[in-house]
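J.: Please find the sequence and the predicted model below.
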Amino acid sequence: MGRGAQSLARVAVIVRAGAAPLWWLGLLATGIGALVPGFTGRRIGLLAGVALFLVTAVVVALVRGRRYAALAAGATRAGRSDFLQDRAVTVRAWRRGHRWWLLAAFVLAVASAFLLPGAGGMTLAGAGAGLWLKAVRIGRREHADDVLYWVPADGAGRGRPAGKRVAGYRTTGPMAGDAAPGGARRTR
C-alpha cells in the first residue's frame, strides 16, 4: 500500500454481517423456548415474542439512520492506493469480534424462555431482520447514487460503520469489490 493508503470495508457488508447469525440463533432460541412451558405459558410468550420481533426489527432498522445518511452525503472518492477489503474478510472479522456477544445473547434468549417462552429468541431474530433491512436501505441508496460506500476498517472499530470514530465514508464505482449493493454476494 502506498502513502496514505487505508484498508476499506463495505458499509453494507458490516451492517449485514450480523443479520444471519442473529436471525438463525434467534430462530433456534425460539424453537428451544417453545418447548419450555414457562411462567406465562407458551401462547402468551409467543405472542409477546411476535410483538418484540416487530418492534426490535423496526428499531434496529431505523436507529442511526440520519448518521448513515450524513456520512453518505459527505462521502469522498476512494484513492487509487486504498485497499478494498473482501466481503468474506469483513464478515469473518465482524463475526469473530462479536462471537462472545452472540453466544451471550443466545444463552440469554434461551434462559428467558422460563419467563416468556420464545420471546427472547424472537427478539434476537428481530434484531437480525432489522440489520438486514438496514443493509437493504443502504443498498438502495448505493444503487440510487450509483456508488458503493466504504469505511476505513480501522475507523469502523468493532463493526460500527457509523460510530463516533468514523469521520466519513469513501466511495467507489458500483462494480468495485466482490459484494453487490446492500452487501449481498455479487452474482456473476
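T.: Received, thanks. Numbering: from 1, shown residues only.
J.: The longest helix along the chain: which residues count as buried?
T.: Longest helix in the chain, counting residues (DSSP state H): helix 119-145. Buried residues in helix 119-145, counted by 16 or more other Cβ atoms under 10 Å: 119-139, 141-142. In this view, the C-beta of every residue, glycine as well, is placed from N, C-alpha and C.
J.: Stretch 7-20 now?
T.: For stretch 7-20, the neighbour count (16+ other Cβ under 10 Å) marks 8-19 as buried.
J.: Span of it from start to end?
T.: From the first residue to the last, stretch 7-20 extends over 24 Å; the measure is Cα to Cα, to the nearest Å.
J.: what pLDDT does the residue nearest the centre of the chain get?
T.: Taking Cα atoms, centre = their mean as the criterion, Val15 is the residue nearest the geometric centre of the chain, at 3.1 Å. We have a pLDDT of 90 for Val15.
J.: ok, back up a step: what helices or strands is the helix or strand following the longest helix of the chain leaning on?
T.: Per DSSP states H and E, the first helix or strand lying C-terminal to helix 119-145 is strand 148-152. With contacts taken as 3 or more Cβ pairs under 8 Å, 6 or more residues apart in numbering; DSSP states H and E, strand 148-152 sits against strand 7-10, helix 11-17, helix 119-145, strand 170-172.
J.: got a markdown table for the ones you listed, with distance to Arg95 too?
T.: Formatted as a markdown table, the helices and strands packed on strand 148-152 follow (distance: least, Cβ to Cβ, whole Å):
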| stretch | distance to Arg95 |
| --- | --- |
| strand 7-10 | 13 |
| helix 11-17 | 6 |
| helix 119-145 | 13 |
| strand 170-172 | 23 |
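J.: Which of those has the lowest mean pLDDT?
T.: Note on the helices and strands packed on strand 148-152: strand 7-10 shows the lowest mean pLDDT, a mean of 80.
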